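Asker: how would this look folded up:
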Amino acid sequence: MKSAPNLSDLLSLDPYLEPFKSDLDSLFTNYQTTRDQVLSASPSLDEFARSYEDYGIRIQADNSVRCKEWAPNLAKVSLAGDFNKWNRSEYQLKNVGSGIWELVILPDDVGQCRIPVGSDLRYFCEDKQGKTFDRISPWANFVTNGERIYYNETFLTSSEYEWNYKAPKTPRAMYIYEAHVGICTPEPKVSSYIEFADTVIPRIAKLGYNTIQLMAVMEHAYYASFGYQVTSFFAASSRYGPPDMLKYLIDTAHKHGMLVLLDLVHSHASINTADGLNSFDGSDSHYFLSGPAGVHDQWNSRLFDYTNTETLRFLLSNLEYWVSEYKFDGFRFDGVTSMLYHHHGVNYCFSGDYHKYYNKYLNHGAVNYMMLANEYLHSKYPDIITIAEDVSGFPALCRPVSEGGVGFDYRLAMSTPDLWIKLLKDSTTDAEWNMGNIVQTLNNRRYKEKSIAYAESHDQCLVGDKSIAFWLMDQDMYTNMSCSSEQTPRIERGIALHKMIRLLTFGLGGEGVLTFMGNEFGHPEWLDFPRKGNGESYHYCRRQYNLAEDELLRYKFLNRFDKAILATEQEYKWLDSGYGYIYLTHETDKVIVFERGDLSFAFNLNWESFTDYRTQVKVPGTYKVVLNSDSKHFGGNDRIDLSTRYFSYTDDGKFYISTYLPSRTALVFQLVD
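Answerer: Just a heads-up that it's a prediction; the model follows:
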């Protein structure tokens, strides 16, 4: 077996990996084998990853149309559509060997393409077992359903979109705004790429976010799947508009200085056959594992065979396609925990014991694919960003492939949203909140592996659960969010704790931050996509940004505070300063004090206030408050005088300032002298 060239760097960072060196060597050796496997099928990784230019139904420079598909279980296949009145015998593909089928449709007598733009297309197939069926190309770059239940490929020529703006430089720290185009409107409808670009992007740019993470872009026939049951991997969802309008959205984001990440689903695929990838050639396998191993029982979806060369061609090409064609600046890889292990993380306890990671359940094929994907992307696009959605804490997930790592830039700090929701669900009073557990969860991440901190996930907004704001304020949000109405104790507590939870998470929990759309201002209620169970209603399938913009409503206070957090971080730069240093977690007082970067953070989660509270700081001097959650501007009670200066004193060789800590207030201090 062969070791990664810089494995010693990884082992010095994490000595607990030393006993598992043979496992790391095995992974890296398999990765090299996978890479060689790909290069045996193509002269270079780049050419291999540009297979989307060759496969599928593609117009050529001379206006001919070339069809190319990998379908080893087919005996016959033809192309038909409204362009030839659905004649299934006119255009037969030819088996050219190795499971590859090809067809060239020459231009007409005057040199025009025989397939008009906008034509509906399907393949009509017969497999080796004699079964007949119809499919759409796995490589289709635009699919529509019109009034049909299922989708057809809709024929497109080359894009006419002219890009106007270059992507901004990769930011020092990522402030990610997670968004879904379809629900970005207060109106009960499916929104559009254009509406998102023109109305939402300026809003979130004004808040200070520098990155947009777009969900549900890869085409999915079932809208209520939130985009995670992908049917067409190369097609931008047509329900929001044509492909060029997605390009306009990304161009607009770049204009406003924001990167755009794609929420990428390579962990599984929809079970749909009529308009999905499943059983394209009639077989149980094709791009997937066969039998029970190829089905995710909980998700009711198909699982890829990452050892198959053609599967690797499909997935690597998919990455290259979204970067080359749409200028996405990176990817959030969904379902990484499911990919990493044959048990998919279901009913499995990750206790921190490394034997839980390196055992017979580790999916070497999937790990090797992710290593190959990250190595390819970072080699060709040095500024690209990749984020892993992993809850297991897999070691070296965010270390370079050259060290034997998987190569991601960040992982999502998935334990943090679970922490807050568990506290809000299970605690009958704030007195039950454990300060030590909060701090330990926020600070618990692998050394030199960057994390994205977030207080709540999009899953918690779905019907059956609640956002943090709704857990805190519940039905009072319907009657007491007007500034002219009584501020009930529940509303006062909810607004105060919402601000503190977000600042505590962003202050301590990672090297980047993320917000799901609407959570920045405490969006009420929940998300429920139109379905039979709700009468196909869009009432809860929208984001009411108008609430945050209404000066008569208290949502504006949470919106302002979110903007202030990002502005404070941008000025004082704590996210890339390493871990926070914890000075105090006082269980009785419910006070947390820590230092990060050049700032001191003090949180009083108690319902009581404290005067002359001894607050530790790193260095002696004079301090001032640079962020105060109790400010009237943020819906607080204005109990802090911002002109006050705090002078340090020494006790037992440590430095302290005496502060007034109002109830349910967070203060951030800066050394000024």
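
Asker: quick one: name whatever helix or strand follows the helix or strand where Thr650 lies.
Answerer: Here Thr650 sits within strand 649-651, counting by DSSP states H and E. Helices and strands here follow DSSP H and E; after strand 649-651, the next one along the chain is strand 654-661.

Asker: off-centre distance for the strand holding Thr650?
Answerer: Put simply, strand 649-651 sits 46 Å off its chain's centre (C-alpha atoms, centre = their mean, to the nearest Å).

Asker: which strands or helices does it pack on?
Answerer: Counting by 3 or more C-beta pairs under 8 Å, 6 or more residues apart in numbering; DSSP states H and E, the packing neighbours recorded for strand 649-651 are strand 654-661. Quick note: C-beta positions are derived from backbone N, CA and C, even for glycine.

Asker: who does the strand it packs on pair up with?
Answerer: Applying DSSP bridges, strand 654-661 is found paired with strand 610-617 (antiparallel), strand 649-651 (antiparallel).

Asker: in three-state terms, label the most centrally placed residue in the chain for me.
Answerer: Residue closest to the mean C-alpha point of the chain, counted by C-alpha atoms, centre = their mean, is Arg332 at 4.2 Å. Secondary structure, DSSP: H, G, I helix; E, B strand; the rest coil: Arg332 is strand.

Asker: residues contacting it?
Answerer: Arg332 makes contacts with Gln213, Leu261, Leu262, Asp263, Leu264, Thr386, Ile387, Glu389, Leu412, as judged by C-beta atoms under 8 Å, 6 or more residues apart in numbering.

Asker: name the helix or strand for the nearest residue to it once chain neighbours are set aside, please.
Answerer: Excluding its sequence neighbours, the residue lying closest to Arg332 (C-beta to C-beta, 6 or more residues apart in numbering) is Ile387, at 4.4 Å. Assigned by DSSP H and E, Ile387 belongs to strand 385-388.

Asker: pairing partners for the helix or strand following that strand, with directions?
Answerer: Using DSSP H and E, the helix or strand that follows strand 385-388 towards the C-terminus is strand 410-412. Partners of strand 410-412 in the sheet, by DSSP bridges, are strand 385-388 (parallel), strand 450-453 (parallel).

Asker: starting at the chain centroid, how far to strand 410-412?
Answerer: With C-alpha atoms, centre = their mean, you get 9 Å for strand 410-412.

Asker: that older thread, so for the strand holding Ile387, mean pLDDT?
Answerer: Regarding strand 385-388, the rounded mean pLDDT is 98.

Asker: contacts for it next, please.
Answerer: 170, 174, 211, 259, 261, 329-333, 336, 370, 373-374, 377-378, 397-398, 406-412, 452.

Asker: run the last query once more with 7 Å
Answerer: 170, 259, 261, 329-333, 336, 374, 377, 397-398, 408-412, 452 (C-beta atoms under 7 Å, 6 or more residues apart in numbering).

Asker: ok, the most far-flung residue of the chain relative to its centre to Ser8 distance?
Answerer: Most distant from the centre of the chain: Asp109, at 49.0 Å, with distances by C-alpha atoms, centre = their mean. As judged by C-beta to C-beta, to the nearest Å, Asp109 and Ser8 stand 68 Å apart.

Asker: also Cys67?
Answerer: According to C-beta to C-beta, Cys67 stands 50 Å off from Ser8.

Asker: higher neighbour count, those two?
Answerer: More neighbours surround Cys67 than the other of Cys67 and Ser8, with 23 against 12 (other C-beta atoms under 10 Å).

Asker: what about the more buried one, which SS state?
Answerer: strand.

Asker: ok, Ser631 - how many residues close by?
Answerer: Ser631 has 21 neighbouring residues, counting by other C-beta under 10 Å.

Asker: ok, now the one 5 residues further on?
Answerer: Using other C-beta under 10 Å as the criterion, Gly636 is surrounded by 21 other residues.

Asker: ok so it is a strand residue?
Answerer: No: when classified by three-state DSSP, Gly636 is found to be coil rather than part of a strand.

Asker: still on that earlier bit, may I ask which of the contacts of Arg332 has the most neighbours?
Answerer: Ile387 (29 neighbours).

Asker: my read is Leu11 is in a helix, agree?
Answerer: Yes: Leu11: assigned to a helix according to three-state DSSP.

Asker: identify the residues contacting Pro400.
Answerer: Pro400 touches Gly407, counting by C-beta under 7 Å, 6+ apart.

Asker: let's see 8 Å
Answerer: The contact partners of Pro400, taken as C-beta under 8 Å, 6+ apart, are Asn6, Gly407.

Asker: what's the spacing between it and Met174?
Answerer: The spacing between Pro400 and Met174, counted by C-beta to C-beta, is 19 Å.

Asker: cool, and Val619?
Answerer: Distance of Val619 to Met174, computed by C-beta to C-beta: 29 Å.

Asker: neighbour count winner among those two?
Answerer: More crowded of Val619 and Met174, by other C-beta under 10 Å: Met174, with 26 against 11.

Asker: tell me how many other residues crowd the residue nearest to that one when sequence neighbours are not counted.
Answerer: The shortest distance from Met174 to any non-neighbouring residue, by C-beta to C-beta, 6+ apart, is to Gly512 (3.6 Å). Other residues lying near Gly512 total 27 when counted by other C-beta under 10 Å.

Asker: what sits opposite Gly512 in the beta ladder?
Answerer: With DSSP bridges as the rule, Gly512 is bridged to Ile452.

Asker: look up how far Thr644 lies from it.
Answerer: Separation of Gly512 from Thr644 (C-beta to C-beta): 32 Å.

Asker: what's the answer for Glu492, then?
Answerer: Applying C-beta to C-beta to Glu492 and Thr644 gives a distance of 24 Å.

Asker: what segments of the stretch 151-300 of the chain are strands?
Answerer: For the stretch 151-300 of the chain, the strands defined by DSSP state E, counting those that start in this stretch cover 152-154, 175-180, 211-215, 218-219, 232-236, 259-264, 295-296.

Asker: switch those strands over to TSV; also include distance to Val96.
Answerer: Listed next are the strands of the stretch 151-300 of the chain as TSV, based on distance: least, C-beta to C-beta, whole Å:
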stretch	distance to Val96
strand 152-154	22
strand 175-180	42
strand 211-215	38
strand 218-219	28
strand 232-236	22
strand 259-264	31
strand 295-296	32
